[in-house]
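Colleague: quick one: sequence plus predicted model below, questions after.
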Amino acid sequence: MKSTRYPRLHLIVAATLSLFAVSASAATIVNVKEAEGPTDYSIMLDRASVPAGEVTFKVTNTSKSLEHEFVVVKTDLAPDKLPYDKAAQRVEEDKVNVVGEVEDLEPGDSGSNTFALQPGKYVAICNEPGHYNEGMYAPFTVTK
């Protein structure tokens, strides 16, 4: 009599590995609302930390009148102490580690982008003129 144990074992191993491959490649999703709150100058992340790896930021501009952008910066600086050009009213992006961004969202628009994030401290900002200085930033941490 021939044993069928090993072919079944191979199927179980193959199925387990394929499930692992699918879950390992899935990005963590962070939902972001810009301009929600008492003013049009806020960024709200739905979590304060994410695991290292692929992270997708789904950004919605809830402002009724202002365009916003979403910039991810890796930094050990305090969220409100990024290098700032007062004349341009913007964070000096060439002086910080910009990981990536979701550019120029008109009022009511949404956009997303996925970044490979390493463990550390980050801050999400809107770098439209004057917006960062109005408090439009949100710190978050990437864990191992």
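Modeller: Right, received. Where do you want to start?

Colleague: in what helix or strand does the most centrally placed residue in the chain lie?
Modeller: Central residue of the chain (CA atoms, centre = their mean): F57, 4.1 Å from the mean position. Assigned by DSSP states H and E, F57 falls within strand 53-61.

Colleague: can you tell me, leaving aside adjacent residues, what's nearest to F57?
Modeller: Nearest-residue entry for F57: V30, 5.1 Å, with adjacent residues in sequence omitted and distances by CB to CB, 6 or more residues apart in numbering. (Each C-beta comes from the backbone N, C-alpha and C, glycine too.)

Colleague: wait, that neighbour sits on V59?
Modeller: No. If you go by CB atoms under 8 Å, V30 and V59 don't touch, sitting 9.0 Å apart.

Colleague: ok, the two, which is more surrounded?
Modeller: Neighbour count, other CB atoms under 10 Å: between V30 and V59, V59 has more, with 24 against 20.

Colleague: please enumerate the strands of this structure.
Modeller: In chain order, the chain shows strands spanning 28-34, 43-45, 49-51, 53-61, 68-74, 84-85, 90-91, 97-105, 110-117, 120-125, 137-143, with DSSP state E as the criterion.

Colleague: hang on, the earlier thing: quickly list what the residue nearest to the centre of the chain is bridged to.
Modeller: According to DSSP bridges, V30, N113 are recorded as the beta-bridge partners of F57.

Colleague: residues near L82, how many?
Modeller: 20.

Colleague: how about the one 5 residues further on?
Modeller: Taking other CB under 10 Å as the criterion, the count of residues near A87 is 5.

Colleague: now do E103
Modeller: 12.

Colleague: that one: what's it in contact with?
Modeller: By CB atoms under 8 Å, 6 or more residues apart in numbering, E103 lies in contact with 69, 111.

Colleague: apply 10 Å and report the result again.
Modeller: Contacts for E103 (CB atoms under 10 Å, 6 or more residues apart in numbering) come out as 67-71, 111, 113.

Colleague: nearest to V96, of those?
Modeller: Looking at the contacts of E103 and their distance to V96, the nearest is V71, at 9.1 Å (CB to CB).

Colleague: cool, thanks, talk later.
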